[in-house]
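J.: Predicted model follows, preceded by the sequence.
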Amino acid sequence: MTLKEWVTFSTALIANVTMIGCVGGAARVSPGKPERASTAFTKTADVVYTPGNWPSALEADLYQPAGENLRPAVLLVYGGSWSSSDHRWQMTLLARKLARRGFFVMNAAYRGTPDFRYPAPVDDLREALRWMRAHAKQYHLNPDKIAVYGFSACGYLAAMLGTRDGPPEVRVQAVVAASAPTDLALYPTGDILPRFLGATYAENPALYREASPVTYITADDPPFFLNHGTDDTTVSPDHSKVFKATLDRAGVPNELHWVEGRSHATTLIFGGANEDAAIDHFLWRPARIFPNPKFQGWRRSGISRATMSSIIKRFPPR
């Protein structure tokens, strides 16, 4: 069995065995098991989303729920230290889960090292957002209800899409960023960031600040759902602590969930409960995908009324 097959199998087998805690002013979370509707969907693979003059032709897999009702959408971003390898397979199970819950999903590839450096992948994913909105009618997605979801390096990219200013076509309405490096100044050594940024921290500290999502937080940013393993030595928990504190100071609604005793890798592999909390208690209910009166799980989720109220305003019922 290859490593790719093992990770996919392991994720499917044990995706729901952990529970999570919510800290930073909220109570500890035990999300429960809300009623969930299941929606049929179709997958269209390898759709080129970049224009003809883009440096590289980039592809995405599309997951479209059945029916013609407008659907909220999620742009999924895979990890891999910002390398040029196409790791869309990492997000296949999550894409299917989201599509079954009623989201239109775009699982997009992007440029990376060694051929391309920052800000290439950010530019690519902004182009993916433009593509989604340009094709909203064709795929029955709601252009005003687009979230971005990523883990690790892709959590970084998700956070960049959530905090960087830009025209409406490249903004998102919610962000899920798991184990994300959000303050690159916390990485003064190592070889991954010099490959991605083209300089060490000692050579260009201003670039590390310019490339950090935490630098761009403002009060008009969308709500954030953050989670992080408490024993993560790859991306220090300090990233999420600093990011949450900065969101709090700016008045941006956010929730930080700690995965107790988990490392970077095991937070991903044993991530089913985190995914369910992000979908069911952060994205699903506010989006009003299925107006199910039995779904009351969010009331026990520890998410504050202020956060929920802000999210609902951004995802108004249709």
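T.: The structure has been received and is ready for your questions.
J.: Was I right to think Tyr78 contacts Gln90?
T.: Yes - counting by Cβ atoms under 8 Å, Tyr78 does reach Gln90; the two are 4.4 Å apart. Glycine gets a C-beta too; all of them are placed from N, C-alpha and C.
J.: Does Asn69 lie in a helix or a strand, and which?
T.: Following DSSP states H and E, one finds Asn69 outside all helices and strands.
J.: quick one: the helices in the stretch 101-250 of the chain?
T.: 120-134, 136-139, 153-163, 192-197, 205-210, 238-250 (DSSP state H, counting those that start in this stretch).
J.: With distance to Thr182 as added columns, please give the ones you listed in a markdown table.
T.: A markdown table is the format used below for these (distance: least, Cβ to Cβ, whole Å):
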| stretch | distance to Thr182 |
| --- | --- |
| helix 120-134 | 14 |
| helix 136-139 | 29 |
| helix 153-163 | 5 |
| helix 192-197 | 13 |
| helix 205-210 | 12 |
| helix 238-250 | 4 |
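J.: closest to Ala99 out of those?
T.: helix 136-139 (11.8 Å; Cβ to Cβ).
J.: how about the closest one: buried residues?
T.: Using 16 or more other Cβ atoms under 10 Å as the test for burial, helix 136-139 gives Ala136, Tyr139.
J.: Mind listing residues that contact that helix?
T.: With Cβ atoms under 8 Å, 6 or more residues apart in numbering as the test, helix 136-139 has contacts from Leu62, Gln64, Phe104, Met132, Asn142, Pro143.
J.: neighbour-wise, which of those residues leads?
T.: Counting neighbours by other Cβ atoms under 10 Å, Phe104 leads the contacts of helix 136-139 with 26 neighbours.
J.: Next, the contact list for it, please.
T.: Leu62, Tyr63, Gln64, Pro65, Arg71, Pro72, Ala73, Val74, Tyr139, His140, Leu141.
J.: 7 Å instead, please
T.: The contact partners of Phe104, by Cβ atoms under 7 Å, 6 or more residues apart in numbering, come to Tyr63, Gln64, Pro65, Arg71, Ala73, Tyr139, Leu141.
J.: so how far is the first residue of stretch 130-144 from its last?
T.: 12 Å (Cα to Cα, to the nearest Å).
J.: From here on, call the first residue 430.
T.: Let's use 430 as the start, then, which means that last one is stretch 559-573.
J.: Centre of the chain to it, how far?
T.: From the chain centre to the centre of stretch 559-573 is a distance of 19 Å (Cα atoms, centre = their mean, to the nearest Å).
J.: what mean pLDDT would you report for it?
T.: Summarised as a single mean, pLDDT over stretch 559-573 is 97.
J.: go on, stretch 576-590?
T.: Stretch 576-590 comes out at a mean pLDDT of 94.
J.: do stretch 670-681 as well
T.: The model assigns stretch 670-681 a mean pLDDT of 97.
J.: In that stretch, which residues are buried?
T.: In stretch 670-681, counting by 16+ other Cβ under 10 Å, buried: Lys670, Val671, Phe672, Lys673, Thr675, Leu676, Val681.
J.: again, but for stretch 514-522
T.: Residues of stretch 514-522 classed as buried: Asp515, His516, Arg517, Gln519, Met520, Thr521, Leu522 (neighbour count, 16+ other Cβ under 10 Å).
J.: Over to stretch 684-697?
T.: Neighbour-count burial for stretch 684-697 flags Glu684, Leu685, His686, Trp687, Val688, Arg691, Ser692, His693, Thr696, Leu697 (criterion: 16+ other Cβ under 10 Å).
J.: longest strand anywhere in the protein?
T.: Counting residues, the longest strand found in the chain (DSSP state E) is strand 570-580.
J.: Just give the closest residue to Leu491, not the sequence neighbours.
T.: Closest residue to Leu491 apart from its sequence neighbours, by Cβ to Cβ, 6 or more residues apart in numbering: Thr473 at 4.4 Å.
J.: Just the pLDDT for the one you found.
T.: For Thr473, the pLDDT comes out at 97.
J.: if I read this right, it contacts Ala489, doesn't it?
T.: No - if you go by Cβ atoms under 7 Å, Thr473 and Ala489 don't touch, sitting 9.1 Å apart.
J.: More neighbours: which of the two?
T.: The neighbour comparison of Thr473 against Ala489 (other Cβ under 10 Å) goes to Ala489, with 23 against 11.
J.: for that one, phi and psi?
T.: phi -140, psi 150 (degrees, to the nearest 10).
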